[in-house]
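**Q** sequence unknown, structure follows:
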């Protein structure tokens, strides 16, 4: 379900402290500042660009941590200064590494300062230390349990860590503390959606739509929910309302065309063109341009659609921060790590469910594969679960081979998240990029099934280039050179996993699946060790909620139409697509 724009929850207090406490805070802050702090602040009307370069009198000079330290000490010398003004400003700019030591320094002076604890916790979440961030945010809530912003921040931290049940509890409390604020209701609905509790989530959204009929975020979220449960006519009403209430909201345009044809909404193109004439941020322009691609594509104007797509992807790539060299180091590190990995045996435990990982490159057919498996009475569809990769990162499991203790801890942590909302004997996890962590899966979750879905390279890479991704970590899809290189790295890593763990990976050829489902589906079901059920041959009849942008395709009878969709753009994208290998039925 597309998310409403998250608000900055934390409210601030502007405490005035004594000169002595200011002096101590300034000294502590000066001792723990990072070496480079790239941001801009303003003092007395003058800009200070810290960690980058500033211009004074026409000459450029470097400004580093010492300048910030000096400036911070000057601030501390003033009686009327707010000691958290600087880290609060940095936090608002998402300058986590810069703000973090300043909040920490303040806590050395006032260890029970709720706002400083909340700020530190949010910074820790921002730099990826989720576990410490959750613990720190919890301390802030203990000190200020009536502060709805702190409660909501803790809920979002739990959500980021994959702990959706405590996240839901936090958002429920936030609703009680601020019953007039729809944001927390939408947060609860989002978590219920992930947990598969669609009836409760739908009830929340329906009540919200009645309570806040003029709120565009509510209308947009309700529309996405209605699409997911197969109520398109009602969804269209909500999409239209969302755009009427907030015609500048770029996310609504992009989300709408992900579910529907642009021509289904009156004046959609007119509204969109009006927004494109405005000066937009890179993110807004990206979303508007993706919507424009859909408009032109529907009319068969592929040359214009491709130009708009290039602009959209350029903006996406610029804002993603993606660096292919970092991915190259990650992939090589994984191969080295699991080349040295010895066989370890986690403590045998009775698990209530068996995970089925459905992985591969995005846009390879994982949604159809999951829906087919979800038709089986013993399988529950989990969707794209962002559990494994954050756990591996948080637990520091990306370099040295895993010990039995580490494998056991990883397995326990993953399974606690997978089963938090109950489910069937088998639960799917179709987070595509888990293909990078097959070594961790085999080592920590020996009972897990691994299904690798692969597709014709040209069709797969084009679909990635064409698709609007709302999440993080997929910047490679927006740049042709990065996309080609990433595909090569993916193929190389999958070849390594097949050799390293023979017999553990079930390969599904998407082209073969849609060409001959009557043969391929029974083969898959048998490979998973499940008893055959005829319902698996008719995924279009599934009552399961389609939590995917591919839901329109999945709701149709299995068809071949998407296999060669890239050929419509062969004249525009043929040069770079031709550099990709031909399709072969050998596991990617």
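**A** Received, thanks. Quantities reported herein were computed from a predicted structural model and do not represent experimental measurements. Numbering: from 1, shown residues only.
**Q** biggest helix in the chain by residues?
**A** Ranked by residue count and defined by DSSP state H, the top helix of the chain is helix 480-500.
**Q** tell me the helix or strand right after that one.
**A** Using DSSP states H and E, the helix or strand that follows helix 480-500 in sequence is strand 505-509.
**Q** tell me where the model's unsure across the protein.
**A** Within the chain, the stretches with pLDDT under 70 are 1-81, 348, 544-563, 585-588.
**Q** domains of it?
**A** Taking automatic domain parsing as the reference, the chain has its domains at 1-187, 324-577.
**Q** please tabulate the ones you listed in JSON lines, including the columns mean neighbour count and distance to residue 317.
**A** Yep, even glycine has a C-beta here, placed from its N, CA and C like the rest. Formatted as JSON lines, the domains of the chain follow (neighbours: other C-beta atoms under 10 Å; distance: least, C-beta to C-beta, whole Å):
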{"stretch": "domain 1-187", "mean neighbour count": "18", "distance to residue 317": "19"}
{"stretch": "domain 324-577", "mean neighbour count": "18", "distance to residue 317": "4"}
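**Q** so what angle separates the directions of the longest helix of the chain and strand 505-509?
**A** 130 degrees (axes from the mean of the first three to the mean of the last three C-alpha atoms, to 10 degrees).
**Q** who's in contact with the residue lying closest to residue 579 once chain neighbours are set aside?
**A** Nearest residue to residue 579, sequence neighbours excluded (C-beta to C-beta, 6 or more residues apart in numbering): residue 484, at 5.9 Å. The contact partners of residue 484, taken as C-beta atoms under 8 Å, 6 or more residues apart in numbering, are 461, 576, 579-580.
**Q** what about 10 Å?
**A** Taking C-beta atoms under 10 Å, 6 or more residues apart in numbering, we find residue 484 in contact with 457, 461, 476, 576-577, 579-580.
**Q** which one of these is nearest residue 230?
**A** Distance to residue 230 across these (C-beta to C-beta) is lowest for residue 461, with 30.7 Å.
**Q** what strand or helix carries that closest one?
**A** helix 457-466.
**Q** packing partners of that helix?
**A** Applying 3 or more C-beta pairs under 10 Å, 6 or more residues apart in numbering; DSSP states H and E, one finds that helix 457-466 contacts helix 282-298, helix 302-320, helix 480-500, helix 510-515, helix 570-577.
**Q** give me the distance from the longest one to the chain's centre.
**A** Read that as helix 480-500. On the basis of C-alpha atoms, centre = their mean, to the nearest Å, helix 480-500 sits 22 Å off its chain's mean C-alpha point.
**Q** next one: stretch 124-139
**A** 18 Å.
**Q** spatially central residue for the chain, please.
**A** The residue lying closest to the centre of the chain (C-alpha atoms, centre = their mean) is residue 471, at 3.8 Å.
**Q** got the phi and psi for that one?
**A** Phi and psi for residue 471, reported as degrees, to the nearest 10, are phi -90, psi 180.
**Q** any idea how far it lies from residue 386?
**A** Using C-beta to C-beta, to the nearest Å, residue 471 is found at 8 Å from residue 386.
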